[in-house]
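> What would the 3D arrangement of this be:
(2 chains)
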There are 2 protein chains.
Amino acid sequence: MIEKKFTYHQIGTITSPHKETKGMPIQPSSAKGIKGEIELFSRYSDGLKDLDGFSHILVIYDFNKSTGFSLQTKPFLDDKAHGVFATRAPQRPNPIGISVLKLNAIRDNRLFVENVDIMDETPILDIKPYVSAFDGVDEEKLGWLSEHIDEAGFKKADERFE
Amino acid sequence: MIEKKFTYHQIGTITSPHKETKGMPIQPSSAKGIKGEIELFSRYSDGLKDLDGFSHILVIYDFNKSTGFSLQTKPFLDDKAHGVFATRAPQRPNPIGISVLKLNAIRDNRLFVENVDIMDETPILDIKPYVSAFDGVDEEKLGWLSEHIDEAGFKKADERFE
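Predicted structure coming up:
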């Protein structure tokens, strides 16, 4: 296998109350009610047609504050090291983030969103409608997270990934 | 806002029975039981530690067969045009795909997966554990898809995105 590279272009930026890593929610589930705004470059406005019919969106972004990665890492929710692909740590071989956000309204090229667990000024790469029939499953196994999942609702980020 | 660019590196490749776009399932929900295999470059093997504890994974990949995009597009499930961000069409400003796959086993750098709706030889960019507490919501509104969601279970791709 030859390793290919893929270059993507920022399509917009999210504004959020999370100005620094420390203390920010680690997942949308612990960011209930926190509001933010995604502004797309205006040339993409036409691509938003009919998205306002959906209550939730999948937002794909670059963890642009994250630098480097380890193949094994201690995530926020545990003190043991796990493989980076078994965690949601922002420091990964490709620092791509995904969040399911509530979509409250769209005005021109601006999306008003809720449950925001994303850092202020994070570059946005893609937006898709969230469809539980496609994106939701009832997992039977949660691995190392099963013992810690109850903490995810209130646990905040520490300086681990600064 | 200045548009930034982000370059990501392929971390592996998926082998799947879908050799051509036509006739392939359009979502994991219509790909139940279809098996595939993700092979990571061996230097990433250590990053898979403990991932086998999870029953499902989020797989992020490049729609490398997709070329160009329109801001408004007719998706497989409708004959009306919608904004590209209101669809899951592979032809998008950044052709990034996401699928929730069932993880059956991991051996060294190989992941044996199920419910595969991804084209054969698609380059993989990231793998994360799927956690319904983070990734699953009960959406209240499904927009244009509400009238067509029942078709998603059996509808196959046509030549629209070839």
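
> contacts and neighbour counts: CA atoms only from here.
OK.

> hey, where'd the strands end up in chain A?
Ranges of strands within chain A are A:5-9, A:12-15, A:35-40, A:56-62, A:72-73, A:82-83, A:96-107, A:110-114, A:122-129, based on DSSP state E.

> Which stretch among those strands approaches B:Ile149 most closely?
strand A:122-129 (12.7 Å; Cα to Cα).

> related to what we said a few turns ago, pick the most deeply packed of the strands of chain A.
strand A:122-129 (a mean of 24; mean count of other Cα atoms under 10 Å in any protein chain shown).

> low-scoring stretches of chain A, by residue?
Applying pLDDT under 70 to chain A picks out residues A:152-162.

> Contacts only, for the nearest residue to A:Ser55 once chain neighbours are set aside.
In space, and not counting its chain neighbours, A:Ser55 is closest to B:Lys141: 4.9 Å by Cα to Cα, 6 or more residues apart in numbering or on different chains. Neighbouring residues of B:Lys141 by Cα atoms under 8 Å, 6 or more residues apart in numbering or on different chains: A:53-56.

> which one of those residues sits closest to chain B?
Using Cα to the nearest Cα, A:Gly53 comes nearest to chain B of the contacts of B:Lys141, at 3.8 Å.

> ok, how many other residues are close to the closest residue to the closest one other than its chain neighbours?
Of all residues not flanking A:Gly53 in the chain, B:Gly143 sits nearest, at 3.8 Å (Cα to Cα, 6+ apart). B:Gly143 has 17 neighbouring residues, counting by other Cα atoms under 10 Å in any protein chain shown.

> Can you name the residues that contact B:Gly143?
A:50-54 are the contacts of B:Gly143 under Cα under 8 Å, 6+ apart.

> about what we covered before: and the strands of chain A as TSV, adding distance to chain B?
Shown next, in TSV, are the strands of chain A (distance: least, Cα to the nearest Cα, whole Å):
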stretch	distance to chain B
strand A:5-9	4
strand A:12-15	8
strand A:35-40	10
strand A:56-62	6
strand A:72-73	6
strand A:82-83	4
strand A:96-107	6
strand A:110-114	12
strand A:122-129	5
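
> Mind putting these into a markdown table with distance to A:Ile26?
Shown next, in a markdown table, are these (distance: least, Cα to Cα, whole Å):
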| stretch | distance to A:Ile26 |
| --- | --- |
| strand A:5-9 | 25 |
| strand A:12-15 | 16 |
| strand A:35-40 | 15 |
| strand A:56-62 | 15 |
| strand A:72-73 | 15 |
| strand A:82-83 | 17 |
| strand A:96-107 | 10 |
| strand A:110-114 | 14 |
| strand A:122-129 | 15 |
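
> so A:Gly136 sits right up against B:Tyr130, yeah?
No. The pair A:Gly136 / B:Tyr130 is not scored as a contact, 9.2 Å apart, by Cα atoms under 8 Å.

> so what sits against both of the two?
With Cα under 8 Å, 6+ apart, A:Gly136 and B:Tyr130 have common neighbours B:Val100.
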